[in-house]
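In: Okay, here's the prediction I keep looking at, along with the sequence it came from:
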Amino acid sequence: MRVELLCTGDELVTGLITDTNSTYLEGRLFDLGVKVERVTVVGDVRPDITGALLEASARADVVIVSGGLGPTADDFTLECAAAAAGVPLEEDARVLGWLQERYAARGMAINPGALRMARIPAGAEPVRNPQGSAPLVIQKLGRAQLFFLPGVPREYRALVDGEVLPRVRSQLATEAHRTFRAFRLLRTVRLPESVLNQQVMPLAPSHPRVVFGFRTHAPENHLKLMAEAPTQAEADAALAAAEAACRVVLGTHVYGADTSEYAPVLLELLSRAGHTLAVAESCTGGLIAQDLTAVPGASQVFVGGAVVYTEKMKSAWVGVPPEVLRQHSAVSRQTALAMAEGVRTACGATFGLSVTGYAGPGGGTPEDPVGTVYCALAGPGFESRCERVSLAGDRDRVRLFAASHLLEMLRLHLLASPVSP
């Protein structure tokens, strides 16, 4: 089955909003073993939308269209659909009834703009929208089945899950020579994309049914593995073999797979061992605490953090001795170690982490230029340690990679040296 997506709206081609609908649908379709072949984005131009509908329907079995179904003057996707099919728009009694019910329930009088949503291409099938006014409209155009959905993400997702995917699943079941797919995303840190490629691509010839791909999502790099086979069992087996081989090569660089995210993985490692964590941040300005506390239940592990941006607060809040700051400066190995040990003691946590550095664009010294960051880890049963890293890029990138490097110090320690709290 060939599936294409068509997204309409000037807001998508002028940068006003990001298309999240396609990303959502691509993932949901892939769960069915369907890989989207093409995504087309078109502005609010009637000839462009009509042409895109004709082109996509000539190539695809299923075309899923979003946007332009609402009550305003720039909502004319269904007009273009009617033009592409060579049929008129007609007021549909079912849709009109749904609209009247919805407006009455909200205590509002139906207006001419709302009535526009009741006009659909002749011969098309409307499906009630459980989350909004504009219906899903299903139309046949050539050999393709077209699904027209409102662009509002909440409405789009409800109709995708409740109506579109079940129909696609039923259509798949009738295919005589279906290709089955299985997918895995391996998430890595501290591994440049070129090195990731160099390490895993020698494995590819041994796994001919698996396509190897790569994705950068700073500060991470991801390995995409997609297996294709005549049966689901064969696809799953091919994927499992390739994944196992890649995990052997990549080792602890892989922190998770598929929808896993770094902070929840780290917090789960700490939680399972009964550990707690406190953080002292300087150049990252609370970024690490923000990432950790975005995870529900983080308070079971994360005791707290201090943004100690000045020398005064480094001493006052996490106990860095003033003589350390005088002798070695706020950006130094000695200060980072004192910060990690101080915040651990102050919070009574199993582990203390700290970060201090020059994020730029100003600051820095000849010995420690902009991009230099010191990351320190303190905990039970080992001597506190500090790593100096040199990071390239602008201020945001230095802060992002500094936070990632610091947390990875702790994750690797937990994997290598499990200890009791």
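Out: Looks like it came in fine. Numbers count the residues shown, from 1 in each chain.
In: Distance from the chain centre to whatever helix or strand Leu267 lives in, please.
Out: Assigned by DSSP states H and E, Leu267 belongs to helix 262-273. Here helix 262-273 is found 20 Å from its chain centre; the criterion is C-alpha atoms, centre = their mean, to the nearest Å.
In: How about stretch 47-56?
Out: Mean-position distance between stretch 47-56 and its chain equals 30 Å (C-alpha atoms, centre = their mean).
In: Now that stretch: buried residues?
Out: Residues Ile49, Thr50, Ala52, Leu53, Leu54, Glu55, Ala56 are the ones in stretch 47-56 that count as buried (16 or more other C-beta atoms under 10 Å). From N, CA and C alone the C-beta is placed, and that goes for glycine too.
In: cool, stretch 229-245 as well?
Out: Buried residues in stretch 229-245, counted by 16+ other C-beta under 10 Å: Ala229, Ala235, Ala238, Leu239, Ala241, Ala242, Glu243, Ala245.
In: same check, this time on stretch 390-404
Out: The neighbour-count check on stretch 390-404 (16+ other C-beta under 10 Å) flags Leu391, Arg397, Val398, Arg399, Leu400, Phe401, Ala402, Ala403, Ser404 as buried.
In: quick one: the strands in the stretch 151-300 of the chain?
Out: 180-189, 210-217, 220-229, 254-257, 277-281 (DSSP state E, counting those that start in this stretch).
In: ok, now the stretch 301-421 of the chain?
Out: Ranges of strands in the stretch 301-421 of the chain, per DSSP E, counting those that start in this stretch, are 302-307, 351-357, 372-378, 385-390.
In: buried stuff in the first one?
Out: With burial defined by 16+ other C-beta under 10 Å, the residues of strand 302-307 counted as buried are Phe302, Val303, Gly305, Ala306, Val307.
In: Quick check: nearest residue in space to the first one, chain neighbours excluded?
Out: So that's Phe302. Among residues not flanking Phe302 along the chain, Leu292 sits closest, at 4.8 Å (C-beta to C-beta, 6 or more residues apart in numbering).
In: who are the neighbours in contact with the closest residue to Pro322 other than its chain neighbours?
Out: Spatially, and ignoring its direct neighbours in sequence, Pro322 is nearest to Ser315 (5.6 Å; C-beta to C-beta, 6+ apart). Contacts for Ser315 (C-beta atoms under 8 Å, 6 or more residues apart in numbering) come out as Pro321, Pro322, Leu325.
In: Show me what the longest helix belonging to the chain is packed up against.
Out: Counting residues, the longest helix found in the chain (DSSP state H) is helix 395-416. Contact here means 3 or more C-beta pairs under 8 Å, 6 or more residues apart in numbering; DSSP states H and E; on that basis helix 395-416 packs against helix 262-273, helix 287-293, strand 351-357, strand 372-378, strand 385-390.
In: So which residues make contact with the fourth one?
Out: What it means is strand 372-378. Identification of contacts with strand 372-378 by C-beta under 8 Å, 6+ apart yields 283, 331-333, 335-337, 339-341, 344, 351-359, 364, 384-391, 398, 402, 405-406, 409-410, 413.
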